[in-house]
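# got a structure for you, letters missing:
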């Protein structure tokens with residue numbers, strides 16, 4: 001059974017850490033896509049997290065944390081470029097970075113829509129199918145362990161997971177078509 005998500009913490013520090021943990025990978029991918037040097041990107045991420053913490057009181061709950069974090073990261077990247085006073089192998093002009101950042105944002109919005117649709121589709125699965133998905137993809141059990149735990153053969157688990165994936169794929173496509181129509 002899938003538990004409903006816990007209510008957001010009331011402590012600002014805890015709330016910040018929960019949101020950062022939820023979006024940290026996406027933020028890191030964003031920075032690494034815009035910064036050529038890995039060590040520079042890591043430095044920028046650290047300064048970005050510090051600025052985000054200092055400015056967290058300005059974040060409006062209920063708005064998109066990742067969009068807010070990306071905006072701070074973008075400014076940190078520009079600040080880093082100005083302070084470094086060096087040209088990387090590719091253009092680091094602000095217009096170039098803005099164009100790349102806008103493209104990443106467009107792609108992230110699409111992924112966010114897909115993620116929301118997948119979450120809704122997962123909720124619609126029968127309990128036994130949702131349990132299989134959780135075991136395989138969230139708890140990272142291998143097929144043999146799932147077969148043993150659910151008293152099925154490995155072949156039956158493979159087949160059922162294949163049908164579930166196809167069903168989820170169809171559901172996500174249908175949800176996305178209705179939201180874009």
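Looks like it came in fine. Quick caveat: nothing in here was measured; it's all calculated off a predicted structure.

# How about the secondary structure of residue 14?
The three-state label given to residue 14 by DSSP: H, G, I helix; E, B strand; the rest coil is helix.

# Tell me how many other residues crowd it.
Per other CB atoms under 10 Å, the neighbour tally for residue 14 reads 11. Just so you know, the C-beta spots here come from the backbone N, C-alpha and C atoms, and that holds for glycine as well.

# just checking, what packs against the helix or strand encompassing residue 160?
Element membership for residue 160 (DSSP states H and E) is helix 154-180. Here helix 154-180 touches helix 94-124, helix 127-133, helix 143-150, going by 3 or more CB pairs under 8 Å, 6 or more residues apart in numbering; DSSP states H and E.

# May I see the buried residues of the shortest one?
In other words, helix 127-133. 129, 130, 131, 132, 133 (16 or more other CB atoms under 10 Å).

# can you list the residues that contact it?
By CB atoms under 8 Å, 6 or more residues apart in numbering, the surrounding residues in contact with helix 127-133 are 1, 2, 122, 123, 125, 146, 150, 157, 160, 161, 164, 168.

# swap the cut-off to 10 Å and go again
Outside helix 127-133, the residues that touch it by CB atoms under 10 Å, 6 or more residues apart in numbering are 1-2, 122-126, 139, 141, 146, 149-150, 152, 157, 160-161, 163-165, 167-168.

# How is this protein partitioned into domains?
Domain assignment for the chain by automatic domain parsing gives 1-107, 125-181.

# Using CSV, lay out these together with mean pLDDT.
Formatted as CSV, those follow (pLDDT from 0 to 100):
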stretch, mean pLDDT
domain 1-107, 77
domain 125-181, 86
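
# got the ones you listed as JSON lines, with distance to residue 116 columns?
JSON lines is the format used below for the domains of the chain (distance: least, CB to CB, whole Å):
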{"stretch": "domain 1-107", "distance to residue 116": "12"}
{"stretch": "domain 125-181", "distance to residue 116": "8"}
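
# first vs last residue of stretch 55-68, how far apart are they?
10 Å (CA to CA, to the nearest Å).

# got the buried residues for that stretch?
56, 59, 65, 66, 68.

# JSON lines for those, including distance to residue 41 and secondary structure?
Formatted as JSON lines, the buried residues of stretch 55-68 follow (distance: CB to CB, whole Å; DSSP: H, G, I helix; E, B strand; the rest coil):
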{"residue": "56", "distance to residue 41": "22", "secondary structure": "helix"}
{"residue": "59", "distance to residue 41": "23", "secondary structure": "coil"}
{"residue": "65", "distance to residue 41": "20", "secondary structure": "helix"}
{"residue": "66", "distance to residue 41": "17", "secondary structure": "helix"}
{"residue": "68", "distance to residue 41": "19", "secondary structure": "helix"}
